[in-house]
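> With the sequence up front, the predicted model follows.
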Amino acid sequence: MILEAVNVTYEYPDGTIALKNVNFKVEKGQVVALLGPNGAGKSTLFLHFNGILKPKKGQIRVEGEPIHYTKKGLMKVRQKVGIVFQNPDDQLFAPTVREDVAFGPFNIGLETDEVERRVKDSLRKVGMLGFEDKPPHHLSGGEKKRVAIAGILAMNPKIMVLDEPTSGLDPRGASHIMRLLYNLNKEGMTIIIATHDVDMAPLYADKIYIISNGKIIKEGTPKEVFKDVKTIREANLRLPRIAHLVEILEKEDKLPFNKPYPLTIGEARRRLLDKWKLMETPSHSKVRR
Ligand SMILES: Nc1ncnc2c1ncn2[C@@H]1O[C@H](COP(=O)(O)OP(=O)(O)OP(=O)(O)O)[C@@H](O)[C@H]1O
Ligand SMILES: [Mg+2]
């Protein structure tokens, strides 16, 4: 396990118990999605992953080692685990975009040339080249979000934790960021995201956790998790639209479908083609999962 929360309970100073005995495991190289309704505890859990919050009970382990809540221990864990906050205003603070993205790399003692290279590279990856001299507070919401992601990217962490990375982004921007994360993952980065986007999660996640009311109520592959429609609805989530369409085709239009329903357009397409043999799947169009 590259990152683990073991029996974590957390209580805010006002007495709110935001996490109750949470177990959350991530293997190296995985993309893991955390889904859950507002107030479920997603952000609270994420803030534990680099030691910003300390469990009241239980333990966080990174690469098998419990976090040490000393200055040195925290510095060490923060080089491995980069967190993109839900609200970019909590993250961006420097007078310009360039300085903001450069802050982390400078702080870990990289040379100026390397810092400049990383700033440029990360801004290019999130589609924000050309904004270097702008003050972050003059950016739009979606632009801020991308710069916040660039700031963490520039640190090149082993584990990237993103709290609702696509919220506030336009559809193209959201797909762009998800593709970026997908590519980073292919290069070996472990990715953990909190999201409400049930259409996107099955496309990218190897594993999904559902949290509700401070408790993990379900975990498994997207197929395993979305099979449990009752739990999905209890957590104020819904099926992916494409699964919903198939459910309607079966229930209303009596087109027989085997369960579980497809979760992605690629899978639905494959199964429809198989079913009705409308045409051969063209070999050149590689259908994504
Ligand atoms: N600083 C705080 N002090 C007291 N209670 C807090 C604090 N921050 C969050 N909480 C409470 O902890 C619970 C979990 O909040 P958290 O922000 O982790 O939820 P979330 O799953 O990230 O929700 P969202 O989808 O809205 O981002 C909520 O009940 C919230 O009211
Ligand atoms: Mg949150």
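In hand now; what should we look at? Ligands and ions are numbered 1, 2, ... in the order given.
> Stretch 217-229 close to ligand 1?
No - judged by C-beta under 6 Å from any ligand atom, stretch 217-229 stays clear of ligand 1, getting no closer than 12.9 Å. C-betas here are computed from N, CA, C, even on glycine.
> Ends of that stretch, what's the gap?
In stretch 217-229, first residue to last residue: 13 Å (C-alpha to C-alpha, to the nearest Å).
> Report the buried residues of that stretch.
218-219, 222, 225-229 (16 or more other C-beta atoms under 10 Å).
> Mind checking which of those are in helices?
222, 225-227, 229 (DSSP state H).
> now, among those, which is nearest to Lys20?
Nearest to Lys20 among those is Val225, at 19.7 Å by C-beta to C-beta.
> what's the closest non-adjacent residue to that closest one?
Spatially, and ignoring its direct neighbours in sequence, Val225 is nearest to Ile208 (4.5 Å; C-beta to C-beta, 6 or more residues apart in numbering).
> who are the neighbours in contact with the residue of the stretch 1-150 of the chain found nearest ligand 2?
With C-beta to the ion, the shortest gap between the stretch 1-150 of the chain and ligand 2 falls at Ser43, namely 3.2 Å. Counting by C-beta atoms under 8 Å, 6 or more residues apart in numbering, Ser43 makes contact with 85-86, 163, 194.
> Near ligand 1, list only the ones from the residues you listed.
Among the contacts of Ser43, ligand 1 is touched by Gln86 when using C-beta under 6 Å from any ligand atom.
> Among the contacts of Ser43, which one sits closest to Ile108?
Using C-beta to C-beta, these come closest to Ile108 at Phe85, 19.2 Å.
> so what's that closest one up against?
43, 91, 148, 163.
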